[in-house]
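[1] Sequence first, predicted model second:
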Amino acid sequence: MIRKARVPIWELSGRAEPDDRDELVGDGGDSPAWSRKRTAYIPAADARPIDGGAPPVRYAELHAHSSFSFLDGASSPEEMVEEAVRLGLSALTLTDHDGFYGIVRFSEAAETLGLPTVIGAELSLDVPMPTTQSERMVAARVGKPDPTGHHLLVLARDPTGYASLARAISTAQQRGGVKGRPVYDGDELAELANGHWLVLTGCRKGPVRAALASGLDPARRALADLIDRFGRDNVVVELTYALDPLADERHDALTLLAEEAGLPVVATTAAHYHGPPRRPLATAVAAVRARSNLDEMDGWLPAFADQHLRSLGQAAEGGEAFREPFRDGAVGKGATGLAMAGIVVAEVCAAFFGRPVRQRLGLRAHQPLDR
C-alpha cells in the first residue's frame with residue numbers, strides 16, 4: 001500500500017510557512033483548531049450607545065436568537081450584545097432554541113459592557129419523531145423551508161426558574177433520543193415552572209399566533225390554555241415586529257385577547273441577527289437549513305429585513321400598535337403600554353441575571369468560564 005505524504009495546511013492554502021506556529025492568532029471562536037480555551041471577550045471599538053444618552057422611553061428586547069440557535073440565528077451572542085448597547089436598549093434577552101448554549105458568551109459580553117440581561121429559551125413543541133434512519137441523522141428543523149412544530153417562549157424569573165428550565169430542556173432532549181428532536185410534556189412543563197417562569201405567547205409558531213390563523217376563538221382557547229397551565233401572572237402577550245400587510249390586524253387581535261384576559265402586552269423584534277448587514281448570511285443559513293438554494297427559499301422569506309434588533313425609533317415603524325406606545329413616551333393599557341411593560345418584565349427577570357456572571361452560573365472565582 002502506498003502511503004500518501006501529509007501536506008502542511010499552509011502549503012494547501014498557498015500561504016507562507018509561519019515562523020512560529022505558537023503565534024497563530026485564532027478568530028475568538030471555540031474551535032479546538034485554535035485553542036482548548038476560549039480567549040477573554042474583548043468588546044468592539046464601537047460598542048457604545050449611538051446617541052451617547054438614554055432614550056426618552058426605555059425599551060428592553062425580550063425575544064432574540066443568536067447563532068447558537070443552529071441554522072436559525074446568524075449573529076454571535078457578543079454581536080447581539082454589542083448591537084443592543086449601540087441601540088441604547090435597556091436590557092436584552094437571549095432565547096435560543098432548546099438550550100442555553102450561548103449564555104456564557106452572552107453573559108460575559110453583557111457584563112463587560114454593563115448591559116442587563118435576561119435568559120430564556122424557545123422550546124420546540126410537537127416535533128415529529130424520525131421514522132427512517134436518514135431522518136434520525138438530522139435535526140427536525142433540517143430539510144424543510146418551514147419547520148414543523150410549535151414554540152413556547154420561556155423566560156426564567158430567578159435561579160429556581162433557570163434551574164427548572166434547564167431540567168426541562170435536558171429531560172426533553174434525553175426523551176427524544178435524537179439530535180434536535182426534544183420531546184416536551186405540557187403537564188410536566190407546568191409543574192416545573194411552578195411560578196418561576198414567564199411565558200410569552202411568542203412569534204407565529206407560538207400557540208396563540210398559530211391558532212389566530214384560524215380565528216379569534218381558537219386563539220382565545222390557546223391563550224386560556226397557557227393561563228391555565230402557567231397562571232395568569234406568568235403569561236404575557238407578545239406583539240412581534242412586522243411590516244407585512246396583515247400586521248396591524250394581527251396586533252389588534254392579540255391586544256384584544258390580552259385585554260379580555262387581563263394580561264400585559266409587550267413588543268419584541270424576535271431578532272435572529274444583530275443588524276441589517278447580516279441579513280444575507282441569515283438567508284443563506286435558512287437555505288442551508290432547508291437544503292435548498294436561495295431561489296427556492298425566496299418565497300419563504302420576508303420581503304424586508306425584519307428580524308434584527310431595533311431601537312425605539314426603529315421599532316415604532318412596525319405598525320400602529322408599535323407607534324402608539326413610543327409616541328411622546330405614552331404609557332397606558334393594552335398596546336399603549338408595550339414599552340414600559342417590556343421594561344417591567346425585564347426588570348423582574350433581570351434581578352437575578354443582573355448579578356455577575358460567575359455568581360449566576362455558580363462558578364468559583366478561579367474556575368474558567370468555559371468549563
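    Perfect, thanks for sending it.
[2] residue ranges of the strands in the stretch 201-350 of the chain, please?
    Counting by DSSP state E, counting those that start in this stretch, the stretch 201-350 of the chain has strands at residues 235-240, 265-268.
[3] what's the most buried one of these?
    strand 265-268 (a mean of 28; mean count of other CB atoms under 10 Å). C-beta coordinates here come from the backbone N, C-alpha and C atoms, glycine included.
[4] Please name every helix or strand in contact with it.
    The contact analysis (3 or more CB pairs under 8 Å, 6 or more residues apart in numbering; DSSP states H and E) places strand 265-268 against strand 235-240, helix 247-261, helix 320-326, helix 338-353.
[5] rank the strands of the stretch 201-350 of the chain by pLDDT, which is bottom?
    With a mean of 87, strand 265-268 has the lowest mean pLDDT of the strands of the stretch 201-350 of the chain.
[6] Output the strands of the stretch 201-350 of the chain in a markdown table, with distance to V127 appended to each entry.
    Converted to a markdown table, those look like this (distance: least, CB to CB, whole Å):
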| stretch | distance to V127 |
| --- | --- |
| strand 235-240 | 21 |
| strand 265-268 | 23 |
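[7] right, so of those, which gets closest to E79?
    E79 lies closest, by CB to CB, to one member of the strands of the stretch 201-350 of the chain: strand 265-268, at 18.3 Å.
[8] mind exporting the closest one as PDB, just the C-alpha atoms?
    In PDB, the C-alpha atoms belonging to strand 265-268 read as follows (Å, rounded to 0.1, in the frame of the first residue of the first chain):
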ATOM      1  CA  VAL A 265     -48.700  43.200  26.200                       C
ATOM      2  CA  VAL A 266     -45.100  43.600  25.200                       C
ATOM      3  CA  ALA A 267     -43.400  44.400  21.900                       C
ATOM      4  CA  THR A 268     -40.500  42.400  20.600                       C
END
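[9] Pull up the pairing partners for that strand, direction included.
    In the sheet, strand 265-268 lines up against strand 235-240 (parallel) (DSSP bridges).
[10] Can you give me the pLDDT of V344?
    58.
[11] about what we covered before: wait, which of the strands of the stretch 201-350 of the chain is closest to K205?
    Going by CB to CB, the one of these nearest K205 is strand 235-240, 10.4 Å.
[12] Send me the longest helix seen in the chain as PDB with only the CA atoms.
    Once the chain is assigned using DSSP state H, the helix that runs over the most residues is helix 159-176. What follows is helix 159-176, C-alpha atoms only, in PDB (Å, rounded to 0.1, in the frame of the first residue of the first chain):
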ATOM      1  CA  PRO A 159     -32.400  30.900  39.900                       C
ATOM      2  CA  THR A 160     -35.100  28.400  40.600                       C
ATOM      3  CA  GLY A 161     -36.700  29.100  37.200                       C
ATOM      4  CA  TYR A 162     -33.300  28.900  35.500                       C
ATOM      5  CA  ALA A 163     -32.600  25.500  37.000                       C
ATOM      6  CA  SER A 164     -36.000  24.100  36.300                       C
ATOM      7  CA  LEU A 165     -35.900  25.300  32.700                       C
ATOM      8  CA  ALA A 166     -32.500  23.700  32.200                       C
ATOM      9  CA  ARG A 167     -34.000  20.500  33.700                       C
ATOM     10  CA  ALA A 168     -37.000  20.700  31.300                       C
ATOM     11  CA  ILE A 169     -34.700  21.000  28.300                       C
ATOM     12  CA  SER A 170     -32.400  18.200  29.400                       C
ATOM     13  CA  THR A 171     -35.200  15.900  30.100                       C
ATOM     14  CA  ALA A 172     -36.900  16.600  26.700                       C
ATOM     15  CA  GLN A 173     -33.600  16.100  24.800                       C
ATOM     16  CA  GLN A 174     -33.000  12.800  26.500                       C
ATOM     17  CA  ARG A 175     -36.600  11.700  26.000                       C
ATOM     18  CA  GLY A 176     -36.300  12.500  22.300                       C
END
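[13] buried residues in that helix?
    Across helix 159-176, burial judged by 16 or more other CB atoms under 10 Å covers G161, Y162, S164, L165, A166, A168, I169, T171, A172, Q173, G176.
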